[in-house]
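Novice: quick check, what structure comes out for this input:
(4 chains)
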Number of protein chains: 4
Amino acid sequence: MYKRKILIGTDTTSGMAPQILEAISEASKTRTLPYGNDIFTKKCKNIIQKIFEKKDLEIIPMMSGTASNSLALSSFLRSYGSVICHSNSHINKDEGGAPEFFSGGGKLLTISNFSGRIQVEDLIQKIEEINFKKKMNPVISGVSISQLAENGTLYSLDEINALSEICKFYNLHLHMDGARFTNALVAQDALSPAEATWKIGVDCLSLGATKNGAMAAEIIIFFNKKLAREAKYIVKQTGHVLAKTRFVSAQLNAWFKDDLWLKLAKIANKNALYFRNKLSKFDDFKFLFPTQGNELFIEMKESTYQNILKLNIIPNLWCKANNDRLVVRFVTSYETKVSDIDEIIKRLEYLS
Amino acid sequence: MYKRKILIGTDTTSGMAPQILEAISEASKTRTLPYGNDIFTKKCKNIIQKIFEKKDLEIIPMMSGTASNSLALSSFLRSYGSVICHSNSHINKDEGGAPEFFSGGGKLLTISNFSGRIQVEDLIQKIEEINFKKKMNPVISGVSISQLAENGTLYSLDEINALSEICKFYNLHLHMDGARFTNALVAQDALSPAEATWKIGVDCLSLGATKNGAMAAEIIIFFNKKLAREAKYIVKQTGHVLAKTRFVSAQLNAWFKDDLWLKLAKIANKNALYFRNKLSKFDDFKFLFPTQGNELFIEMKESTYQNILKLNIIPNLWCKANNDRLVVRFVTSYETKVSDIDEIIKRLEYLS
Amino acid sequence: MYKRKILIGTDTTSGMAPQILEAISEASKTRTLPYGNDIFTKKCKNIIQKIFEKKDLEIIPMMSGTASNSLALSSFLRSYGSVICHSNSHINKDEGGAPEFFSGGGKLLTISNFSGRIQVEDLIQKIEEINFKKKMNPVISGVSISQLAENGTLYSLDEINALSEICKFYNLHLHMDGARFTNALVAQDALSPAEATWKIGVDCLSLGATKNGAMAAEIIIFFNKKLAREAKYIVKQTGHVLAKTRFVSAQLNAWFKDDLWLKLAKIANKNALYFRNKLSKFDDFKFLFPTQGNELFIEMKESTYQNILKLNIIPNLWCKANNDRLVVRFVTSYETKVSDIDEIIKRLEYLS
Amino acid sequence: MYKRKILIGTDTTSGMAPQILEAISEASKTRTLPYGNDIFTKKCKNIIQKIFEKKDLEIIPMMSGTASNSLALSSFLRSYGSVICHSNSHINKDEGGAPEFFSGGGKLLTISNFSGRIQVEDLIQKIEEINFKKKMNPVISGVSISQLAENGTLYSLDEINALSEICKFYNLHLHMDGARFTNALVAQDALSPAEATWKIGVDCLSLGATKNGAMAAEIIIFFNKKLAREAKYIVKQTGHVLAKTRFVSAQLNAWFKDDLWLKLAKIANKNALYFRNKLSKFDDFKFLFPTQGNELFIEMKESTYQNILKLNIIPNLWCKANNDRLVVRFVTSYETKVSDIDEIIKRLEYLS
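Specialist: Predicted structure coming up:
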């Protein structure tokens, strides 16, 4: 019936921001040395140092979010070690076993709860449970949290602060999967990137630009520089050093320029709130979590979901809920048009 | 003295061909599903099937040459296995141990010789030597050759045929590192891609576009489809599935379109011959190998090399030769300007 | 107060049965080829074939239970794969990440419940949950169960049958950790080893003799011979082929001779029942599970546990329970003397 | 013709010394905690500290020589690293890729020469060659030498000293594969174990008892204690912590007691010299190396080798030599009887 398919299930269906494309085009005109020894990558480091207000850090530009997370984790996760994360985290459920592979057998120890975020009590309990039989269990090397969390909610500063206190107490490293870090950042007014990361104890951040305007650009930022010691070897050995690294760095440089990254994320978040507001009138839609970034999680009847597909609206099927109901995810991006949201709403009205 | 630095040591200093940039720009306008489920990638497979005259194959678009080689090798190299290759091959000397990592400990068994190409007698001898103490030695799983070879020379059809006969006899797989495959292909007039690969026994090809016009695009082609069985899992687990895979496939599609790949390689090769011709008048320059693709290997005094650097000409320092002489590599690409070559020659005349 | 320390927390504190020692002594008198090419190992295979009523199987004698489990699992668990097991299973909690290491990053997916055994509904739910998002999740390769289960209870024939039906349906392999398989076997009267394993769908069994009379002897039995294809290489590469393999096989041969393995396990089980009966009079001791093999799990106050230690009785501290209570494990073996059990009871009476 | 088969190709065909068997028997009578927390293992450390005149060391008792080497190497060899060794070394040719596996992909860089021992010039050249292209090549982490070398010859103190100087200069670790260390030690009169190892710069020693009187006992000695930091986790994760570790330590304790290890090695060496002396009268036998330990390497016609087998004498077929000649190894042990050597000579006379 509706010919035009509307993809609204993930922000990775987007293209790239014009500024990023322009930067790629510019980078193509320059001859530079390959494998990261180029001026774009040097500039990228300077930018990061300024934005994150820290001289003493190390960066690695990447093209893949999975690799960015795994390489960051492998800076402290050994084969006999383990990392505590949420059971729904991307590293545990959506990266095909990459953290385990990069570490040669390291283990993810998971915490499950409805909030979608690791709580202090959960963390302490998990650590104590493992340490109880220390000799046999995998060594705990660190903790990984996602900001935005995998269910689209936000870790508050206090939450992260509390977790990092625990990490310090038990001598654990703290990694942040920041695939949607910028959406989280702009959702917390007047918060600086530094305050949102290393100032509250984050050791390394896998910051993603791909979902927020870039073609394929991620960056690992080691605030704790010691962790970067072996990283350059592992990034090479895993095939993630590109011959023409400059094209990644050029994307990142344009992304940071004139606050583009923040502007794009703000649009995405605003679109999500607009969308949620419009959707709230449908009775069968049960919102599961507060919408703090650019993701909506809605519980609905399986038949409703099937009907939505028939309307040529393509959200993301998230998981099963009880009583044959489903959880369905809608994601907005900087590219999402208000007219498309309105169009979706119009089509959905057809269902009622 | 000369202000402008001329980078002439590798083809990876190049940018990208305008057609590739145009394709990336176009791809940015489309919304498609992520992680390879897009129309660009589907189209890419069709193109490969046509160009290589084979329906029954599998492809994986990649962004990194190192990863492309290692993933191809891991399709038959197990942790307890080994692959025979030339000691100067890229997989052995320049990929930071990636084949060993991807296979969880597989071994490269190397053959050394001046020709830069594995000879049939070398191969048989190596296999027999290993099989002599079969129980203890690593299992031999396959052979990897580079076309162009690492010293810029060409495996003839007869050479590859003979090697693949040996492979068949011993039940080994044959991989081709085709980082400069196109340069090799156009150097052999009237040879089809099929005749240069699977028709003479190549099981899988790591075909590179990055050095020949693309931004970051490689493709693994499994002519022996069985080898692809586990590849999709490993490419995911090693972090080489991009969210926006379409941008890789779009590059490849443009690269193949209207024989662009062949045209670019022809220019690169032609530039190399022009360059060699011009260089041949300098007495201290001893050409080590025939120039069959886009690479020149020149033995010279260490002082000569130092002087070249002072002229702001930047070739690639390859290795030491005897008597304190050095081997220096010059590489041309589709981007190399004849005027730049002439400029290099002019500067070099200053040396004499 | 009590000078003599009584170790009652695990069956690995035992020595070896006289018949095993005698066999080692005999094996020392023979000269044979090393690395498994000896007559003892050949004989061992014949014995296993007879006892398990199956010609078409493969065996690997081992010295370590952890290695025996991991090598068995690695026969079907790839780096990108996963194995479903109970959260309390030895492979998940007590083997230092060995299954993950042997597979280069394979994942254990765990099921938690009070029964200590994987239930059919749990298994189906876990598989369906993983398969729901098939593309991203680790491939499920198989299921591992422990017989005796980690809490000392017995999988019934029906339970295993039901699980193996599910495995067949989903095309998964079924591994059995049989560290205490013999205790389970003799607990089920008139059950043959074949009926307890491959006849109900077990693909491979890690059978342990160490806890039941041997010095250090385990054996992997591949009922599904295909799974053994790569095993000999991996057992070598992981350093588990002993030069003098005959000393492992000799232990096993003596262990199987004249039903020694069954006799020893019967004594251990009988001791456990005797012990439980005696312990049941103490009010603070809450038995958590039926005693079907040679293990007792008792919940008690933390202070009670501390008092037990002061009596120089050393059980195994298992885990924490609610309200600051502890779970404590007592294990009997073929070596446990009734007089020692009586002595323990006498000491414990002092507590009341 | 001759019914009795005489195995003379390796010292691993031997049984165990009576004192070792007695020690195993004694250890069986004691109840102790499992997994290395036993009094035998504590005692073993004390013994090693005394014999090697060093308090500040760490030990790990093992049952497999391959695992002992690989675990020692993994203390400094990372996945992206490499170890320089002789091309004929056991770790490179006879351990099924174990060092590569334990390190998750580490590389062995080999040096070939006739002497069978790494020479200072070879080592410097190899290091310089690798460092020449530092960015791409595997990081060099250390050097491994075998004492006795793989061809049965002895590294002199001066040779080792010179190598360890180079190691210090380049900041590399030095490992010694001491599978036949004792044969080397007793061949150098009045040399103390300390003088033969850490006093000349050896960081860790994989000392083997299995070939010299034990059933299955090896020990890793970390003279450089820092290297042991992760070892306990890796030994667990690779399945090399035995439940009843005491049986390994008990063997070692008996082996060291009253200089048994030295006495047994002296007998083996003496047997080798006696054997060589007797063999020297056969014209077709060309001795390849001096006999400094318990191994003889003889070049002979292939037909001669075949005839020897027909006499039911079983040496070890080592490798091919030129002109269809073979290299055949004979190894004596503490168990070799002079009467057996005489019997071999008698049979061989039949050939002439």
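Novice: okay, CA-based contacts and neighbour counts for the rest of this
Specialist: OK.
Novice: show me what contacts the closest residue to residue A:173 other than its chain neighbours?
Specialist: In space, and not counting its chain neighbours, residue A:173 is closest to residue A:142: 4.3 Å by Cα to Cα, 6 or more residues apart in numbering or on different chains. With Cα atoms under 8 Å, 6 or more residues apart in numbering or on different chains as the criterion, the residues that contact residue A:142 are A:76-77, A:82-84, A:167, A:172-175.
Novice: need the per-residue pLDDT for the residue of the stretch 101-250 of chain A found nearest chain C.
Specialist: For the stretch 101-250 of chain A, the residue positioned closest to chain C under Cα to the nearest Cα is residue A:105, at a distance of 4.0 Å. On the pLDDT scale, residue A:105 is placed at 96.
Novice: host element of residue A:305?
Specialist: Counting by DSSP states H and E, the element that carries residue A:305 is helix A:302-310.
Novice: and the strands in the stretch 101-250 of chain A?
Specialist: A:107-111, A:139-146, A:173-178, A:204-208, A:218-222 (DSSP state E, counting those that start in this stretch).
Novice: pick the most buried one from the ones you listed.
Specialist: When you average the neighbours per residue for each of the strands of the stretch 101-250 of chain A (mean count of other Cα atoms under 10 Å in any protein chain shown), strand A:204-208 leads with a mean of 28.
Novice: contacts for that one, please.
Specialist: The contact list for strand A:204-208 (Cα under 8 Å, 6+ apart) reads A:65, A:68-69, A:72, A:174-181, A:197-198, A:217-224.
Novice: interface residues of the stretch 51-200 of chain A facing chain B?
Specialist: A:63-67, A:95-98, A:101-102, A:104 (Cα under 8 Å from any Cα of the partner chain).
Novice: residues in contact with residue A:301?
Specialist: Applying Cα under 8 Å, 6+ apart, one finds that residue A:301 lies in contact with A:284, A:324-326.
Novice: how does it look with 7 Å?
Specialist: Shown in contact with residue A:301 (Cα atoms under 7 Å, 6 or more residues apart in numbering or on different chains): A:325-326.
Novice: apart from its chain neighbours, what residue comes closest to residue A:155?
Specialist: Taking Cα to Cα, 6+ apart as the measure, residue A:155 lies nearest to residue A:147, with 6.5 Å between them; neighbours along the chain are not counted.
Novice: quick one: contacts for that neighbour?
Specialist: Residue A:147 is in contact with A:154-155, A:176-178, A:180-181, A:184, counting by Cα under 7 Å, 6+ apart.
Novice: ok, back up a step: for the residue nearest to residue A:173, give its distance to residue B:41.
Specialist: Look at residue A:142 and residue B:41: by Cα to Cα, to the nearest Å, they are 38 Å apart.
Novice: what's the angle from whichever helix or strand residue A:317 is part of to helix A:302-310?
Specialist: Assignment of secondary structure by DSSP H and E places residue A:317 within strand A:316-320. Using axes from the mean of the first three to the mean of the last three Cα atoms, to 10 degrees, one finds that strand A:316-320 and helix A:302-310 are set 170 degrees apart in direction.
Novice: in chain A, where is pLDDT below threshold?
Specialist: Low-confidence segments of chain A (pLDDT under 70): A:134-137, A:352.
Novice: please identify the residues of the stretch 1-150 of chain A in proximity to chain C?
Specialist: Counting by Cα under 7 Å from any Cα of the partner chain, the positions of the stretch 1-150 of chain A adjacent to chain C are A:79-80, A:93-97, A:100-101, A:104-106, A:136-138.
Novice: let's see 6 Å
Specialist: In this structure, the stretch 1-150 of chain A approaches chain C at residues A:80, A:93-94, A:96-97, A:100-101, A:104-105, A:136-138, judged by Cα under 6 Å from any Cα of the partner chain.
Novice: leaving out the residues flanking it, which one is nearest to the residue of the stretch 101-250 of chain A closest to chain C?
Specialist: Among residues not flanking residue A:105 along the chain, residue C:105 sits closest, at 4.0 Å (Cα to Cα, 6+ apart).
Novice: that neighbour contacts residue A:103, doesn't it?
Specialist: No - using Cα atoms under 6 Å, residue C:105 makes no contact with residue A:103, being 7.5 Å away.
Novice: look at those two and report which has more neighbours.
Specialist: Between residue C:105 and residue A:103, residue C:105 has the larger neighbour count (other Cα atoms under 10 Å in any protein chain shown), namely 31 against 27.
Novice: contact partners for the more buried one?
Specialist: For residue C:105, the contacting residues are A:100-101, A:104-105, C:79, by Cα atoms under 6 Å, 6 or more residues apart in numbering or on different chains.
Novice: relative to chain B, which of these is nearest.
Specialist: Of all the contacts of residue C:105, the one with the least separation from chain B (Cα to the nearest Cα) is residue A:101, at 6.8 Å.
Novice: ok, now which ones touch the closest one?
Specialist: Residues near residue A:101 by Cα under 6 Å, 6+ apart: residue C:105.
Novice: ok, residue A:8 - contacts?
Specialist: For residue A:8, the residues meeting the contact criterion (Cα under 6 Å, 6+ apart) are A:314-315, A:330-331.
Novice: in strands, which of these fall?
Specialist: Assignment to strands by DSSP state E places the following of the contacts of residue A:8 there: A:314, A:330-331.
Novice: tabulate the residues you listed (a markdown table), appending distance to chain C and neighbour count.
Specialist: As requested, these are exported to a markdown table (distance: Cα to the nearest Cα, whole Å; neighbours: other Cα atoms under 10 Å in any protein chain shown):
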| residue | distance to chain C | neighbour count |
| --- | --- | --- |
| A:314 | 16 | 19 |
| A:330 | 17 | 22 |
| A:331 | 18 | 25 |
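Novice: can you put those residues in TSV and add distance to residue B:16?
Specialist: Written out in TSV, the entries for these read as follows (distance: Cα to Cα, whole Å):
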residue	distance to residue B:16
A:314	35
A:330	36
A:331	33
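Novice: now, which of the contacts of residue A:142 lie within helices?
Specialist: Using DSSP state H, the members of the contacts of residue A:142 that fall in helices are residue A:167.
Novice: and the lengthiest helix in chain A, what's buried?
Specialist: Criterion DSSP H: the longest helix present in chain A is helix A:260-279. Within helix A:260-279, the residues that qualify as buried by neighbour count (16 or more other Cα atoms under 10 Å in any protein chain shown) are A:260-273, A:275-276, A:279.
Novice: for stretch A:31-46, same thing?
Specialist: For stretch A:31-46, burial by neighbour count (16+ other Cα under 10 Å) applies to A:31-36, A:38, A:40-41, A:44-45.
Novice: are it and chain B in contact anywhere?
Specialist: Yes - using Cα under 6 Å from any Cα, stretch A:31-46 reaches chain B at A:31-34.
Novice: start and end of stretch A:109-121, how far apart?
Specialist: Distance across stretch A:109-121, first residue to last, is 15 Å (Cα to Cα).
Novice: now do the same contact list for residue A:298.
Specialist: When the contact criterion is Cα under 6 Å, 6+ apart, the partners of residue A:298 are A:285-288, A:327-328.
Novice: now with 10 Å, please.
Specialist: A:276, A:279, A:284-289, A:317-318, A:326-330 (Cα atoms under 10 Å, 6 or more residues apart in numbering or on different chains).
Novice: up against chain D, what does the stretch 151-300 of chain A have?
Specialist: Selection of the stretch 151-300 of chain A residues close to chain D by Cα under 10 Å from any Cα of the partner chain yields A:230, A:232-238.
Novice: at 8 Å what do you get?
Specialist: If contacts are counted using Cα under 8 Å from any Cα, the residues of the stretch 151-300 of chain A sitting beside chain D are A:233-234, A:237.
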